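[1] structure of the sequence below:
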Amino acid sequence: MKRRVLIIAAVALCSAALAAQRGATTIRRAADGTPDISGVWQSGGVSLYGDQGTAAPPAAARGAAPPPRREPPQYQPSFAPRQKTYTAVDDPAAACLLPGVPRITSMPMPFEIVQQPKKVVILYEAFHAFRIIPIDDALKHPADVTPTWMGDSVARWDGDTLVVDVIGFNDRTWLGGVGTVHSEDMHVVERFTPRPDGTLAYEATVTDPKALTKPWTTGVTLRTPKDARVEEYECIENNQDLAHMKK
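    Residues are numbered from 1 along each chain as shown. Presented below is the predicted three-dimensional model:
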């Protein structure tokens, strides 16, 4: 019996050591038991145009085969007149305007999530943007939502996933890639899911019956870079000559 206990203990220690080598951790929890997703996060993107929906799905396992490339947004024929030949110089963000949701999450600058029991605040380095998101299980938006660049957001917890429902957009932002426009009817559902390895899976599904033939989904893995913090960002000072962006 004693030998059996020692064997079980040795197996447990080996398992713990193996898990540590793999970087496994447990999901941080807030005082109310919900996952604690507060902290500074950053995507792996290196472009203002993000991955255009090509990132691995959040559920993809580490070491698994690469998932198939996600297709770009598919547009309604009636929306085709809006689909002129765009270049980077047409990008609203090139004029230092807010990039909108979900695009801002995949930008290469860090952002900080401040989590409270009744709301989540997201402070983006990019474009000085911020979002104050109430947590409401009914996902109830105000009755008088004014169209804006970042939309109106409200969240609820679905197990360990923070689901953010966003409406009330203007039609002046891009979804990600060059010329990925949309209408004011756009509706975005974001999902922030913490993983045991310390990363945060981000997935956003965009529906826009006026512009798109079907929902479009994009996603990215968010990580906490060493010593990363949200710093000052000045678009006009850092902006490149727009004429060069035509090339």
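
[2] tell me where this structure has helices.
    2-21, 235-238 (DSSP state H).

[3] I'd like to know which of those has the weakest mean confidence.
    Note on the helices of the chain: helix 2-21 shows the lowest mean pLDDT, a mean of 41.

[4] ok, which stretches of this protein are strands?
    39-41, 111-115, 119-124, 130-134, 152-158, 161-167, 187-194, 200-207, 216-222 (DSSP state E).

[5] and R28, which of these is closest to it?
    If you check each of the strands of the chain against R28 by Cβ to Cβ, strand 187-194 wins as the nearest, at 7.2 Å. From N, CA and C alone the C-beta is placed, and that goes for glycine too.

[6] from V114, how far out is the nearest residue to W157 once chain neighbours are set aside?
    Closest residue to W157 apart from its sequence neighbours, by Cβ to Cβ, 6 or more residues apart in numbering: T34 at 5.5 Å. To V114, T34 is 14 Å away according to Cβ to Cβ, to the nearest Å.

[7] G179 too?
    Taken as Cβ to Cβ, the span from G179 to V114 is 34 Å.

[8] of the two, who's got more company?
    The residue with more neighbours, out of G179 and V114, is G179; 18 against 13, by other Cβ atoms under 10 Å.

[9] wait, that one touches Y86, no?
    Yes: if you go by Cβ atoms under 8 Å, G179 and Y86 touch, sitting 3.2 Å apart.

[10] quick check, pLDDT for the closest residue to V206 other than its chain neighbours.
    Spatial nearest neighbour of V206, excluding adjacent residues (Cβ to Cβ, 6+ apart): W216 at 4.7 Å. pLDDT, W216: 97.
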